[in-house]
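Enquirer: Pasted the sequence and its predicted model underneath.
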Amino acid sequence: MNEFDNPIVNQRFDPAQAITEQSQRRLFLKSSAAVVALFGSNLGFAQTAKSVWGAAKPFTFESVPLSMATDGIVVPKGYRWAVLAAWGDPINGKFPVISYDVINTPEQQAKQFGMHHDGCAFFPDQGSSSKGLWVVNHEYTDDGLLHPDGMKNWSLEKVRKSQAAHGVTVAHIQKDEKGSWQVVSGPYTRRITGYTPCAISGPAAGSKYLQTASDPKGRLALGTINNCANGVTPWGTYLTCEENINGYFVKKGKVSKEEQRIGINAKGFGYRWEEFDDRFNVDLNPNEPNRFGWVVEIDPRNPDQAPIKRTALGRFKHEGAEVTLAKDGRVVVYMGDDQRGEYVYRYVSKNKYQPNQPELNRTLLDEGTLSVAQFSDNGEGRWIPLVFGQNGLTPENGFADQAYILVETRLAADQVKATPLDRPEWVAVHPTSKDVYVALTNNNQRGKEFPINAASPRENNQMGHIIRWRPRQQDAANDRFDWEIFVLAGDPDNTDPNLKGNIRGDVFGSPDGLWFDQRGILWTQTDISSGALGKGAYARITNNMMFAADPVTREFRRFLIGPNGSEVTGVDLTPDYKTMFVNIQHPGESPSERSNPDKPKAVSDWPDRKLFSRPRSATIVIWREDGKPVGA
């Protein structure tokens, strides 16, 4: 018997106890035997971080005042911002340029920035802070904005244009002599769309689960879609993550348990691709959905290399892929599955990263072990391997082989009794302590469909929270870890303890994007749904925002407020920290999440105001007027 089977450890959890930071700290210190051995019995997460970073605050800007009526970007005093690239802008900085009335063809859209910017990364040219490659995801499309008349007169051309607006953009960007950032032409510029050929690699490649009539070998998928968050590898490649892929597929016939588990149904999300592209008709192509829902690796400086879907990292609704290294040099990738009651995963490569032999790194994401997290109520956790023949993953339980486990990762995680969480989204690793943080956005079914537990202590969790854990021996490859709740999001002025949270600093809810810069600032972005903003628990919050958080004090300070109806998502910095890149997604989104083409500016006209017919997602750049590093 181990501690995860011990009936004393797993006694009934009292959710009220977890609301206070003091009880969280006691829980963590009581259970962290490995941490005690390393740091002494009086040290928790914050004290350890303080020994690394000192007592000084990692950020000094003044918090942006909470605004109830803004349709623009609000940044701290002494900061400025500008649009770098919006949906429809040319990826080469020249042509084609989206027309005022968006009457552009699928072929033109495939040479322009796609819709709904999300995860992103800046790849500097030889360490430069003034030029490099800008790589950005385009998560999905609002067809009410994409086409002049929306979804009326639906056609194959509209489907192709929607597919062209998905995927990833690789563009050259440069700061000119006046200090303005521009998209410029260059040899690596390209668009990866919903129909770009992608190689399939890893243990599931070529398996019967991925074979189709058009690809009987099961090794070449067309397109990458619903590209949400991202990751960056030490060898300089970009990881784009396919999230809500089920919404593009429709099946009218009987749905299997595998299809039901990933969310395939008779309606989809209303993209209507299946009407003109049989790939998305599951009745005709039952294996096509299995070719989506992966982490896709892209070499931004090799346009001749096809994107590669890495099946060893599992198939689910990938929110992101945070990459770090184990103590022995093996590659570790943390991933969240963004849906209520889903799980957090970890991949550990078989071989080690070789910084001086880049050719040896090309298959690091093909051979390794995928595991899923189990959070015990006593503050300890473990990674359970999802390996054929282990932990009940056997033919007797319906698991035929390793390829099936990777294609149906959720079913495998169910079998090993992973801990269901409240929409696991972005994962971030502290650059020095190697503590790991995961954003749990919300779950209004907690306490109903999903029982309350230590990792999800609030009934009807509307505000969300952030968990952090420390791998034992501070080694990301260790199968044991110690965890605590970093913050319960909420409104400090709310009298309802379930909505108040335990925030130090500014009100926020529904944490989504998480990213550490190398100074140890945890940048946190929110994704409150358009239908919830300004209502009920979010009465004081009318727009999504971005915050800087201090891992030592747990203070959250408001850095940016986004336009009406937008989500703030994706962030990176130049090496000198003097330019920050942030994505503004779906400005003007209505509660229905699909725009009326006759009234496209009903909620927002950002960023073009009267100069364009409808709002546009965009990347913005932020800098300080005094030329000093952002946030410092």
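Expert: Everything's here; your move.

Enquirer: just the strands in the stretch 251-400 of the chain please.
Expert: With DSSP state E, counting those that start in this stretch, the ranges of strands along the stretch 251-400 of the chain come out as 295-298, 308-310, 322-325, 330-336, 340-342, 344-352, 368-375, 380-385.

Enquirer: tell me the pLDDT at the nearest residue to residue 430 once chain neighbours are set aside?
Expert: Excluding the flanking residues, the one nearest residue 430 by CB to CB, 6 or more residues apart in numbering is residue 516, at 5.7 Å. For glycine as for every other residue, the C-beta is placed from the backbone atoms N, C-alpha and C. Looking at residue 516, its pLDDT stands at 98.

Enquirer: separation between residue 516 and residue 93?
Expert: To residue 93, residue 516 is 31 Å away according to CB to CB, to the nearest Å.

Enquirer: unless I'm mixing things up, residue 189 is touching residue 134, no?
Expert: No: Residue 189 is not in contact with residue 134 according to CB atoms under 8 Å; the separation is 10.1 Å.

Enquirer: shared neighbours of these two, anything?
Expert: Counting by CB atoms under 8 Å, 6 or more residues apart in numbering, the residues touching both residue 189 and residue 134 are 170, 171, 172.

Enquirer: Considering the residues you listed, which is situated nearest to residue 564?
Expert: If you rank the shared contacts of residue 189 and residue 134 by distance to residue 564 using CB to CB, residue 171 comes first, at 27.0 Å.

Enquirer: Show me where the chain dips below the pLDDT cut-off.
Expert: Across the chain, the ranges flagged by pLDDT under 70 are 1-56, 68-69.

Enquirer: could you pull out the helices for it?
Expert: Counting by DSSP state H, the segments of the chain that form helices are 21-31, 33-39, 45-53, 106-109, 143-146, 156-164, 257-262, 402-407, 409-415, 497-500.

Enquirer: Can you list phi and psi of residue 110 for me?
Expert: The phi and psi values for residue 110, taken as degrees, to the nearest 10, are phi -70, psi 0.

Enquirer: quick one: which of residue 189 and residue 134 has more around it?
Expert: Just comparing residue 189 and residue 134: by other CB atoms under 10 Å the higher neighbour count belongs to residue 134, 24 against 19.

Enquirer: Would you quantify the distance from that one to residue 299?
Expert: Separation of residue 134 from residue 299 (CB to CB): 15 Å.

Enquirer: ditto for residue 478
Expert: Going from residue 478 to residue 299 by CB to CB gives 30 Å.

Enquirer: Run through the residues that contact residue 71.
Expert: 563, 564, 604, 605, 606.

Enquirer: count of neighbours near residue 386?
Expert: Residues near residue 386, counting by other CB under 10 Å: 26.

Enquirer: That one touches residue 409, doesn't it?
Expert: Yes: taking CB under 8 Å as the definition, residue 386 is a contact partner of residue 409 at 6.7 Å.

Enquirer: Show me the common contact partners of these two, please.
Expert: Residues touching both residue 386 and residue 409 (CB under 8 Å, 6+ apart) are 314, 370.

Enquirer: circling back: adding mean neighbour count and distance to residue 280, write the strands of the stretch 251-400 of the chain out as TSV.
Expert: Below are those laid out as TSV (neighbours: other CB atoms under 10 Å; distance: least, CB to CB, whole Å):
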stretch	mean neighbour count	distance to residue 280
strand 295-298	26	18
strand 308-310	26	17
strand 322-325	22	30
strand 330-336	26	25
strand 340-342	20	23
strand 344-352	21	26
strand 368-375	23	27
strand 380-385	22	33
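
Enquirer: right, and those - which one's nearest residue 281?
Expert: Across the strands of the stretch 251-400 of the chain (criterion: CB to CB), the nearest stretch is strand 308-310, sitting at 21.0 Å.

Enquirer: Would you mind pulling up the elements that the closest one packs against?
Expert: With contacts taken as 3 or more CB pairs under 8 Å, 6 or more residues apart in numbering; DSSP states H and E, strand 308-310 sits against strand 197-201, strand 295-298.

Enquirer: still on that earlier bit, quick check: bridge partners of the residue nearest to residue 430?
Expert: Judged by DSSP bridges, the bridge partners of residue 516 are residue 522.

Enquirer: Tell me how many other residues crowd it.
Expert: The local packing of residue 516 (other CB under 10 Å) involves 19 other residues.

Enquirer: Use 40 as the first number from now on
Expert: OK, 40 is where the count begins now, so the last one is residue 555.

Enquirer: That one and residue 562, how far apart?
Expert: Residue 555 sits 7 Å away from residue 562, going by CB to CB.

Enquirer: Repeat that for residue 517.
Expert: From residue 517 over to residue 562 the distance is 27 Å, taken as CB to CB.

Enquirer: the more surrounded of these two?
Expert: Neighbour count, other CB under 10 Å: between residue 517 and residue 562, residue 562 has more, with 24 against 17.

Enquirer: Surely the more buried one is in contact with residue 585?
Expert: Yes: with contacts counted by CB under 8 Å, residue 562 reaches residue 585, the gap being 6.4 Å.
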